[in-house]
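Engineer: Need the 3D shape of this:
(chains A and B)
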Amino acid sequence: MTYATLYAICGVVLFGIGFYGTVFCRHLIRKVMAVNLMGAGVFLVMIALAARTPSGAPDPVPHAMVLTGIVVAVSATALMLALIRRLHHQTGLTELPEQMEH
Amino acid sequence: MDAEWAMTGLIMVPLAAAIVVYVTATRFVAAWGVAVAMIQTGLTFWLTRSILQSGPVQVPLGGWEAPLGIPLYADGISVLMLIMTTLVGATSTCYAAAYFSALQHDPRRSSSQPTIQTFWPLWLILWSALNALFLSADVFNLYVTLELITISAVALIGLAGKAQALVAAIRYLFAALMGSLFYLLGVALLYSTYGTVSWHLLAETVQADVLTWCAASLMIIGLLLKTALFPLHFWLPAAHANAPAPVSGLLSGLVLKASFFMILRLWFYVFHPVMPVSAGWMLSVLGSAAILWGSIQAIRQQRVKLMIAYSTVAQVGYLFLVFGLACEPMGMLAWRGTAYLAFAHACAKAAAFMVAGSLMYMVGSDLLDRWEGIGRREPKLIFALALAGVSLMGLPPSAGFIAKWLLLNAAIGNGRWEVAAVIVLGGLLAAVYMFRIIGVSLSSAVPMPETMPIPRMMRWAPLVLAMVVIVGGIVTTEPIRLLEIGAPPIAAREVAP
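Structural biologist: Numbering: from 1, shown residues only, chains lettered A, B, ... in the order given. Model (predicted):
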């Protein structure tokens, strides 16, 4: 097994942990972190797969994608935190209420 | 040349306007919005004419070819989606302008209510991202535009400011982000296998192996979460029902169609030859479940906006019937019907949400009980709602009827009677909830309720959109001809066992 494959597998595992956290964690900040973990997993997979070119030189395209992905992740995180802060400010909640009947 | 400028303009004009109105914080934001709507209408018309004349166009932005550049691609289905975006977007723009000016002078106004200054930049960015998504020629750009759509859409829901809306927005945001990360992981796997993100090149080289199936499933599951196909619809009703009045229509009409368009694109243009027939039928079964579940929930609701939101869950179900039907000889009919249904539903649902928004503003609530007798005061709005309802039920003459008729023909032609039964039953259930709203609001048992006055535009915008749905049921040759341009090779597929 090459290092690249190992990193890719790690990425998938991170993605899985993040997915579990996003679905099952109750506290909203934990959820934010879990979503970011999922993102980090995907980025790790992309970087790892970029190393698997026949010539051995890394492929720049996935790197560019990861950079774009990080920008998206930062803005999404900012929006999540802003909404959560607003909710906390208004209601004191740190968790989403159970699926209420609207 | 013509098409190139139109395609670039459709993306750049709203984006530039968004930046200008945000940076300058001008008092005349609504005027900017309306100006953008007019330019978009012109550009869409221009692009449609050019595509009808000369077929699909691919444009490398700034002259940079792939893999470095970002290509744009327009064919029949993407132009139909652009027309849909322009129609719903332009009427919503006018509606929003009237709504926010009414809100500013509203004595009931509280500080947590949405402000006009924040709505416009977000909506213009959303518009730009929608157009960019429909014109994307590679799967990574689709991801970026989809994220732009999600982020601006969630922020627009959050504008409503109430705790309910915030909870709905947060729940939607988490679901949507999970969906896009699944999609992105799929893109990573595809790129590592095939070395390209252009869906044209992927379509030529795609093979039926395990890695491709993994990538396809990850991408499709992520998008299903964003399109809110039953049972992944848990976030939708609250998010769409608690958004501000002009936003609900945009969410149900356009934002959902964006991720659905991606599924359509990926499935029929890239993965169709390698996907097992059972996967297509699985989506259709979920679609049928969505039709029944969504309609029954819609009937059970007490709040009108929730009713309309659950109706969206049901109508999304119709869109997924195509994946099973397209595996069989009459697949082409189902494909056309589905594309047209996406268009019809966008206009009808946006009109319905606008009517609900207007009446909710007048009465101060969207509880159905409070709407008793309001139709006698506001016949125009109830008429618009009835026209939209005709399309949602699938009655002639309406675009919804044509679309569902095509689907029904495909189902019966393939001998799929169970699908045909679901299509008809869904229409009947839609009639139940639409007639319930209309019946209550026309009731003469009570004196006419006291209401707030509304600007004229809040009556005309939904009416115009509802008229479009009816016209779309009468003028059908042009849209169908448009859909032929660059249609996917469904008929060419051999019927697999």
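Engineer: Now do the same contact list for the residue in chain A positioned nearest to chain B.
Structural biologist: Taking C-beta to the nearest C-beta as the measure, chain A has residue A:49 as its residue closest to chain B, at 3.8 Å. Where C-beta positions appear, they are placed from N, C-alpha and C, glycine not excepted. The contact partners of residue A:49, by C-beta atoms under 8 Å, 6 or more residues apart in numbering or on different chains, come to A:4, A:8, A:62, B:188, B:189, B:191, B:192.
Engineer: Can you lay out those as JSON lines showing secondary structure, distance to residue B:450 and pLDDT?
Structural biologist: Shown next, in JSON lines, are the contacts of residue A:49 (DSSP: H, G, I helix; E, B strand; the rest coil; distance: C-beta to C-beta, whole Å; pLDDT from 0 to 100):
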{"residue": "A:4", "secondary structure": "helix", "distance to residue B:450": "70", "pLDDT": "84"}
{"residue": "A:8", "secondary structure": "helix", "distance to residue B:450": "65", "pLDDT": "91"}
{"residue": "A:62", "secondary structure": "helix", "distance to residue B:450": "62", "pLDDT": "89"}
{"residue": "B:188", "secondary structure": "helix", "distance to residue B:450": "58", "pLDDT": "93"}
{"residue": "B:189", "secondary structure": "helix", "distance to residue B:450": "60", "pLDDT": "92"}
{"residue": "B:191", "secondary structure": "helix", "distance to residue B:450": "61", "pLDDT": "91"}
{"residue": "B:192", "secondary structure": "helix", "distance to residue B:450": "64", "pLDDT": "88"}
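Engineer: Which neighbouring elements make contact with the helix or strand hosting residue B:257?
Structural biologist: Here residue B:257, judged by DSSP states H and E, is contained in helix B:256-265. The contact analysis (3 or more C-beta pairs under 8 Å, 6 or more residues apart in numbering or on different chains; DSSP states H and E) places helix B:256-265 against helix B:76-104, helix B:116-134, helix B:139-158, helix B:210-227, helix B:304-319, helix B:331-363.
Engineer: Swap in 6 Å and give it another go.
Structural biologist: If you count contacts as 3 or more C-beta pairs under 6 Å, 6 or more residues apart in numbering or on different chains; DSSP states H and E, helix B:256-265 packs onto helix B:210-227.
Engineer: Please determine how far the residue nearest the centre of chain A is located from residue A:15.
Structural biologist: The centroid of chain A falls nearest to residue A:39 when counting by C-alpha atoms, centre = their mean (2.2 Å). According to C-beta to C-beta, to the nearest Å, residue A:39 and residue A:15 sit 9 Å apart.
Engineer: Kindly report the same for residue B:146.
Structural biologist: Relative to residue A:15, residue B:146 is positioned 18 Å away (criterion: C-beta to C-beta).
Engineer: Residue B:350 now?
Structural biologist: 36 Å.
Engineer: So between the two, which is more surrounded?
Structural biologist: Neighbour count, other C-beta atoms under 10 Å in any protein chain shown: between residue B:350 and residue A:15, residue B:350 has more, with 32 against 24.
Engineer: how about residue B:37, what does it touch?
Structural biologist: By C-beta atoms under 6 Å, 6 or more residues apart in numbering or on different chains, the residues touching residue B:37 are B:90, B:93.
Engineer: same thing but 10 Å
Structural biologist: B:14, B:86, B:89, B:90, B:91, B:92, B:93, B:94, B:97, B:124, B:127 (C-beta atoms under 10 Å, 6 or more residues apart in numbering or on different chains).
Engineer: next one: residue B:68
Structural biologist: Contacts for residue B:68 (C-beta under 10 Å, 6+ apart) come out as A:60, A:61, A:64, B:60, B:62.
Engineer: are any of those residues buried, and which?
Structural biologist: Buried by 16 or more other C-beta atoms under 10 Å in any protein chain shown: residue A:61, out of these.
Engineer: Out of the contacts of residue B:68, list just those in strands.
Structural biologist: Applying DSSP state E to the contacts of residue B:68, the entries found in strands are residue B:60.
Engineer: Residue B:26: which of the contacts of residue B:68 is nearest?
Structural biologist: Lowest distance from residue B:26 to the contacts of residue B:68 (C-beta to C-beta) belongs to residue B:62, with 29.5 Å.
Engineer: just for the stretch 101-250 of chain B, where's the confidence low?
Structural biologist: Within the stretch 101-250 of chain B, the segments meeting pLDDT under 70 span B:109-116.
Engineer: For it, which residue gets nearest to chain A?
Structural biologist: For the stretch 101-250 of chain B, C-beta to the nearest C-beta, closest residue to chain A: residue B:192, 3.8 Å.
Engineer: what about the residue lying closest to that residue once chain neighbours are set aside, which helix or strand?
Structural biologist: Leaving aside its sequence neighbours, residue B:192 sits nearest to residue A:49 (C-beta to C-beta, 6 or more residues apart in numbering or on different chains; 3.8 Å). For residue A:49, the host element (DSSP H and E) is helix A:28-50.
Engineer: what comes up buried for that helix?
Structural biologist: A:28, A:31-32, A:34-50.
Engineer: what's the overlap in contacts for residue A:39 and residue A:15?
Structural biologist: Common neighbours of residue A:39 and residue A:15 (C-beta under 10 Å, 6+ apart) are B:181, B:184, B:185.
Engineer: Can you give me the neighbour number for the last one?
Structural biologist: The local packing count at residue B:185 equals 24, with neighbours defined by other C-beta under 10 Å.
Engineer: Please apply the same query to the second one.
Structural biologist: Applying the criterion other C-beta under 10 Å, we find 31 residues in the vicinity of residue B:184.
Engineer: With adjacent residues omitted, what lies nearest to it?
Structural biologist: residue A:42 (5.0 Å).
Engineer: circling back: in space, what's closest to the residue nearest to the centre of chain A - neighbours in sequence excluded?
Structural biologist: Excluding its sequence neighbours, the residue lying closest to residue A:39 (C-beta to C-beta, 6+ apart) is residue A:73, at 4.6 Å.
Engineer: Can you pull out the low-pLDDT segments for chain A?
Structural biologist: Across chain A (using pLDDT under 70), the flagged ranges come out as A:1, A:99-102.
Engineer: Helices of that one, residue ranges please.
Structural biologist: A:3-24, A:28-50, A:60-91 (DSSP state H).
Engineer: on contacts alone, who are the packing partners of the first one?
Structural biologist: Using 3 or more C-beta pairs under 10 Å, 6 or more residues apart in numbering or on different chains; DSSP states H and E, the elements in contact with helix A:3-24 are helix A:28-50, helix B:163-194.
Engineer: SS state for residue B:445?
Structural biologist: coil (DSSP: H, G, I helix; E, B strand; the rest coil).
Engineer: Fine by me, thanks again.
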